[in-house]
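In: the following block contains a protein sequence and its predicted model.
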Number of protein chains: 4
Amino acid sequence: MKKWLLSTIFGLSILLISIIPALADGPVKTLPGDITLAQAQKILTAAVKKAEEIKVPMNIAIVDAGGNLKAFYRQEDAFIGSIDISIKKAVTARYFNMSTRALGAASQVGKSLYGIEVSNNGLILFAGGVLLVDGNNVIIGAIGVSGGSVDEDESVAMAGAAVIK
Amino acid sequence: MKKWLLSTIFGLSILLISIIPALADGPVKTLPGDITLAQAQKILTAAVKKAEEIKVPMNIAIVDAGGNLKAFYRQEDAFIGSIDISIKKAVTARYFNMSTRALGAASQVGKSLYGIEVSNNGLILFAGGVLLVDGNNVIIGAIGVSGGSVDEDESVAMAGAAVIK
Amino acid sequence: MKKWLLSTIFGLSILLISIIPALADGPVKTLPGDITLAQAQKILTAAVKKAEEIKVPMNIAIVDAGGNLKAFYRQEDAFIGSIDISIKKAVTARYFNMSTRALGAASQVGKSLYGIEVSNNGLILFAGGVLLVDGNNVIIGAIGVSGGSVDEDESVAMAGAAVIK
Amino acid sequence: MKKWLLSTIFGLSILLISIIPALADGPVKTLPGDITLAQAQKILTAAVKKAEEIKVPMNIAIVDAGGNLKAFYRQEDAFIGSIDISIKKAVTARYFNMSTRALGAASQVGKSLYGIEVSNNGLILFAGGVLLVDGNNVIIGAIGVSGGSVDEDESVAMAGAAVIK
């Protein structure tokens, strides 16, 4: 059976499960397919594991498809100032549907988006914010990591994002 | 055929239509079922019609399921100060999944949520913010209206919300 | 008859129509000639048409002569982060009576306005914000577009602005 | 052996474990005894369990002794607007070393702290913010819960706080 057909059937099942309770409990409050807390916890666990491997304490933030905070961990000794940065990285990635590394590249001095960081109450334009794309190929949120070098941050974000693909 | 079955079949069709293009164009960027611009325009048109009937110029804001602005109209002579209020009314309704009238009732002096308005960069706690619930009984956003008395505002919001039920 | 004379007569007629109701209803609330919702809708429609032609989903914001939001549309799949940017582009264009491209050119590193983006709660200094000038050669507001490359954004803004000239 | 002696020995051991790596890696970055991510996760798990028992989806935030975010979970269908409220409840409790219920009682109309909510970028003055006091009787942070009635919120916060006593 083709992969997209399997994905579609899976997606339809999820929708059914979401619609049925609505008959009893009032309107459905969350769009079917948005990130769940269980998914967020799985992502956080994978990201923490990677951070421990590379021995860099991290702040790890996850936002949902609407760009709203879903879950957050700060490891011991991770920068206090990176709470806000990790959250802004996740928001920035989802707000522009690309990694903060990619957006940053287009926003350097002399590049077309120079100065974009003053919008949206502050964007973060260096690596460490990565999209969360699920097995149905839908963007369900983003992860932002801050605490080490930007390459370290991004490697932890990617380790987290990998577990839901 | 039962109504919920029809709704489910309709929802499934929408999901299918959303998933197929994703195979060609990268990940799906919007969760299936979120409010469309066409829906928002239909809501705005109905709200403007009501505002004209009651002869009160209005600001009308629509947010999506994630609480992010989708569409906005300001009629001639509508208060400039109501741009922000109408948007905050829509956001407030979606953020708490109830009308701003209901939230306001629980936030009066001596009531349990007194003072809640300082959160979320400012909530609006009087009538005029109403949920947008579609024909599948899913909350797909909210509408906020400001420009007249709170009862007038709410009547315009409800006229808008009615067209997608 | 000379063109300026026709324009003047036309302008006076508009003024008259605006003043007459005021005799009954208190002071005139809106400057004669400011952008109307009908004009804004016409501009939005033209901008959406252009965005569909170039196949880039956009956020489109229109502000009036006072720099205050008049109307807004977000198309499906347009960046959430571009809500704020499109509005700021329109505001920036009207605040300085030039396109954001022109202001941006004067604000690069080493240029005279370097750093101006931190004023006014954040200006946007790349293309996509364009003045709205009506048939009487009066600036009646501005349009800001965000969602694609800055050249794409500006082409959509200009398609919108063209319909009221 | 007396309980305080055991506590002291335990505390010293923790201190030693914290200081030893510091000899190699520069200054100790976190106060000995501050809440750990492991403790925060244990608290979150207990709070989620309680929320599931009472069938109210919640936002749950934990701050450390410095009042800075340590961990956060949002359950499915929990109010988006309660992200900020749950965090502000935790911050408020720690900033004034009392529950938000207690601070709220002193801040009602006519009471001595009336108006305090506008300080600190917004305090929350209703129940649901509770101090985290560890087995050594030290305040190591606070938990803030938002999503249901204020009594429900507080019961979930207390279920979380109970596990580290």
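Out: That came in fine, so what should we check first? Numbers count the residues shown, from 1 in each chain, chains lettered A, B, ... in the order given.
In: how about the lengthiest strand in chain A against chain B, any contact?
Out: If you go by DSSP state E, chain A has its longest strand at strand A:139-146. Yes - contact between strand A:139-146 and chain B, assessed by Cβ under 8 Å from any Cβ of the partner chain, occurs at A:139-140. All C-beta spots, glycine's among them, are computed from the backbone N, C-alpha and C.
In: quick one: strands adjacent to that strand?
Out: Under the criterion DSSP bridges, strand A:139-146 sits next to strand A:59-64 (antiparallel), strand A:129-133 (antiparallel) in its sheet.
In: just the ones you listed: most buried one?
Out: With neighbours defined as mean count of other Cβ atoms under 10 Å in any protein chain shown, the strands paired with strand A:139-146 peak in mean count at strand A:59-64, which reaches a mean of 31.
In: after that strand, which helix or strand is next?
Out: strand A:69-74 (DSSP states H and E).
In: helices or strands up against that following strand?
Out: Applying 3 or more Cβ pairs under 8 Å, 6 or more residues apart in numbering or on different chains; DSSP states H and E, one finds that strand A:69-74 contacts helix A:37-53, strand A:59-64, helix A:82-96, helix D:37-54, strand D:69-74.
In: could you rerun that using 10 Å?
Out: On a contact count with 3 or more Cβ pairs under 10 Å, 6 or more residues apart in numbering or on different chains; DSSP states H and E, strand A:69-74 meets helix A:37-53, strand A:59-64, helix A:82-96, strand A:139-146, helix D:37-54, strand D:59-64, strand D:69-74, helix D:82-96.
In: can you redo these as CSV with distance to C:Gly67?
Out: Formatted as CSV, the helices and strands packed on strand A:69-74 follow (distance: least, Cβ to Cβ, whole Å):
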stretch, distance to C:Gly67
helix A:37-53, 40
strand A:59-64, 31
helix A:82-96, 24
strand A:139-146, 32
helix D:37-54, 45
strand D:59-64, 36
strand D:69-74, 36
helix D:82-96, 29
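In: CSV please, covering those and showing mean pLDDT and distance to B:Ala157.
Out: Output for the helices and strands packed on strand A:69-74, formatted as CSV (pLDDT from 0 to 100; distance: least, Cβ to Cβ, whole Å):
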stretch, mean pLDDT, distance to B:Ala157
helix A:37-53, 98, 32
strand A:59-64, 98, 26
helix A:82-96, 98, 27
strand A:139-146, 98, 29
helix D:37-54, 98, 31
strand D:59-64, 98, 26
strand D:69-74, 98, 27
helix D:82-96, 98, 23
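In: name the residues linked to the most centrally placed residue in chain A by a beta bridge.
Out: Taking Cα atoms, centre = their mean as the criterion, A:Ala142 is the residue nearest the geometric centre of chain A, at 1.5 Å. Using DSSP bridges, the beta-bridge partners of A:Ala142 come out as A:Val63, A:Leu131.
In: relative to chain D, how far out is it?
Out: For A:Ala142, the distance to chain D (Cβ to the nearest Cβ, to the nearest Å) stands at 15 Å.
In: so who does A:Ser146 touch?
Out: Taking Cβ atoms under 10 Å, 6 or more residues apart in numbering or on different chains, we find A:Ser146 in contact with A:58-61, A:74, A:78-79, A:81-90, A:124, A:126, A:128-129, A:152-153, A:156-157.
In: in stretch A:155-165, what counts as buried?
Out: Residues of stretch A:155-165 classed as buried: A:155-161, A:164 (neighbour count, 16 or more other Cβ atoms under 10 Å in any protein chain shown).
In: just the ones of these in helices?
Out: Among the buried residues of stretch A:155-165, the residues falling in helices (DSSP state H) are A:155-161.
In: what's the farthest-apart pair in these?
Out: Greatest spatial distance in these: A:Ser155 and A:Ala161, 10.8 Å, computed using Cβ to Cβ.
In: give me the common contacts of these two.
Out: The contact sets of A:Ser155 and A:Ala161 overlap at A:47, A:130 (Cβ under 10 Å, 6+ apart).
In: ok, and the closest non-adjacent residue to A:Gly67?
Out: Of all residues not flanking A:Gly67 in the chain, A:Arg94 sits nearest, at 4.7 Å (Cβ to Cβ, 6 or more residues apart in numbering or on different chains).
In: centre of the chain to stretch A:70-81, how far?
Out: Counting by Cα atoms, centre = their mean, to the nearest Å, stretch A:70-81 is centred 15 Å from the centre of its parent chain.
In: residue contacts, A:Ser107?
Out: By Cβ under 10 Å, 6+ apart, the neighbours of A:Ser107 are A:100, A:113-117, A:123, A:125-126, C:126.
In: identify, from those residues, the entry nearest to C:Gln41.
Out: Sorting the contacts of A:Ser107 by how near they are to C:Gln41, with Cβ to Cβ, puts C:Phe126 at the top with 26.5 Å.
In: next, the buried residues of stretch A:100-118.
Out: Across stretch A:100-118, burial judged by 16+ other Cβ under 10 Å covers A:100-104, A:106-107, A:113-118.
In: if I read this right, the residue nearest to A:Gly67 contacts A:Gly66, doesn't it?
Out: Yes - if you go by Cβ atoms under 10 Å, A:Arg94 and A:Gly66 touch, sitting 8.2 Å apart.
In: so what sits against both of those two?
Out: A:141, B:66, C:80.
In: which one (most neighbours) among the residues you listed?
Out: Ranked by the number of neighbours (other Cβ atoms under 10 Å in any protein chain shown), the shared contacts of A:Arg94 and A:Gly66 place A:Gly141 first, at 28 neighbours.
In: for that residue, give its distance to chain B.
Out: 10 Å.
In: residue contacts, the closest residue to chain B within chain A?
Out: Relative to chain B, the nearest point of chain A is A:Gly66 (2.0 Å; Cβ to the nearest Cβ). Taking Cβ under 10 Å, 6+ apart, we find A:Gly66 in contact with A:30-31, A:34-35, A:94, A:141, B:31, B:34, B:63-68, B:94, C:80, D:80.
In: at 8 Å instead, please
Out: Counting by Cβ atoms under 8 Å, 6 or more residues apart in numbering or on different chains, A:Gly66 touches A:34, B:64-68, C:80, D:80.
In: can I get those residues in TSV with distance to B:Ala47?
Out: Formatted as TSV, those follow (distance: Cβ to Cβ, whole Å):
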residue	distance to B:Ala47
A:Asp34	27
B:Asp64	16
B:Ala65	19
B:Gly66	21
B:Gly67	19
B:Asn68	19
C:Ile80	23
D:Ile80	23
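In: between the residues you listed, which is nearest B:Asn137?
Out: Nearest member of the contacts of A:Gly66 to B:Asn137, counting by Cβ to Cβ, is B:Ala65, at 13.4 Å.
In: isn't the closest one right up against B:Arg94?
Out: Yes - counting by Cβ atoms under 8 Å, B:Arg94 is a contact partner of B:Ala65 at 7.3 Å.
In: get me the contact residues on chain A for chain C.
Out: For chain A, the contact set with chain C under Cβ under 8 Å from any Cβ comprises A:66-67, A:92, A:94-97, A:109-110, A:112-116, A:118-120, A:123.
In: count of residues packed around the residue of chain A at minimum distance from chain C?
Out: Residue nearest to chain C within chain A (Cβ to the nearest Cβ): A:Tyr95, separated by 2.8 Å. Close neighbours of A:Tyr95, defined as other Cβ under 10 Å, add up to 25.
In: excluding its backbone neighbours, what's nearest it?
Out: In space, and not counting its chain neighbours, A:Tyr95 is closest to C:Gly81: 2.8 Å by Cβ to Cβ, 6+ apart.
In: wait, isn't that neighbour in contact with A:Ala93?
Out: No - counting by Cβ under 8 Å, C:Gly81 stays clear of A:Ala93, with 9.5 Å between them.
In: nearest to C:Val133, of the helices and strands packed on strand A:69-74?
Out: Short answer: helix A:82-96, nearest of the helices and strands packed on strand A:69-74 by Cβ to Cβ, at 30.9 Å.
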